[in-house]
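In: attaching a predicted model along with its sequence, questions to come.
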Amino acid sequence: LAKTTQPISMDSYEGQEVNITCSHNNIATNDYITWYQQFPSQGPRFIIQGYKTKVTNEVASLFIPADRKSSTLSLPRVSLSDTAVYYCLVGDGNDYKLSFGAGTTVTVRA
Amino acid sequence: DSGVTQTPKHLITATGQRVTLRCSPRSGDLSVYWYQQSLDQGLQFLIQYYNGEERAKGNILERFSAQQFPDLHSELNLSSLELGDSALYFCASSVGQGATNEKLFFGSGTQLSVL
């Protein structure tokens, strides 16, 4: 049973901001929200993680509303190299690694 | 470089054969996870080991088995291979048992082709 729902794909252009929203209605009190990025034929790479409100690092921002039932990954000023699959993960009982889901394929065009 | 090492990078074999994939976790990480990614599929969790003990199991086939050794490296054994087993197999590691705030570090994968 999937715990997260995110769009299958998104298209953007270089220099634009890309926002990917993930729904996780059944998130548990102690669950964190984590995003990974995967390029073709490579293993996923950690991007950002948060519990509530807003988290920002050098790569992205993560916005989490007060009810924590969704979260939005924001990629500022994307470039062609940001074309990848982005996965949203939340806790799944004792272990959130069980389900990466299909992810969101982001395609950045020139 | 994630610090997780997987060997071999590529493996070509025939149906019915058995292969072993190897993973060395990041220094200091106690958990090892195995994932399967078929063409156009998401990452499917197979199994997790923590400090030598099996901790969580996903939809791993009975033909597949894994273990984690005292030096914390892990091996995934795939037997009686079928065409449908062709996939990218990833290993990941984390420092603890798999709490929701732990980061996973992935290796570069082993591409298995069953002909």
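Out: Received, thanks.

In: could you report the neighbour count for B:Ser65?
Out: Residues near B:Ser65, counting by other CB atoms under 10 Å in any protein chain shown, number 14. C-beta: built from backbone N, CA, C; applies to glycine.

In: how near is it to chain A?
Out: Distance, B:Ser65 to chain A, using CB to the nearest CB, to the nearest Å: 19 Å.

In: the residue in chain A that chain B sits nearest to in helix, strand or coil?
Out: Relative to chain B, the nearest point of chain A is A:Gly43 (2.8 Å; CB to the nearest CB). In terms of secondary structure, A:Gly43 is coil; the call rests on DSSP: H, G, I helix; E, B strand; the rest coil.

In: what's across from the closest residue to it other than its chain neighbours in the sheet?
Out: Nearest residue to A:Gly43, sequence neighbours excluded (CB to CB, 6 or more residues apart in numbering or on different chains): B:Phe106, at 2.8 Å. Beta-bridge partners for B:Phe106, by DSSP bridges, are B:Ala92.

In: contacting residues around the residue of chain A closest to chain B?
Out: B:2, B:4, B:90, B:92, B:106-109 (CB atoms under 8 Å, 6 or more residues apart in numbering or on different chains).

In: what's the local residue count around the residue in chain B that chain A sits nearest to?
Out: Closest contact between chain B and chain A, by CB to the nearest CB, is at B:Phe106 (2.8 Å). Neighbour count of B:Phe106, defined by other CB under 10 Å: 22.

In: okay, now the unreliable bits of chain A?
Out: A:1-2, A:92-99 (pLDDT under 70).

In: sorry, back to before: from what I see, the residue of chain B closest to chain A and B:Ser94 are in contact.
Out: No - in this structure B:Phe106 lies outside contact range of B:Ser94 using CB atoms under 8 Å: 10.4 Å.

In: lovely, talk soon.
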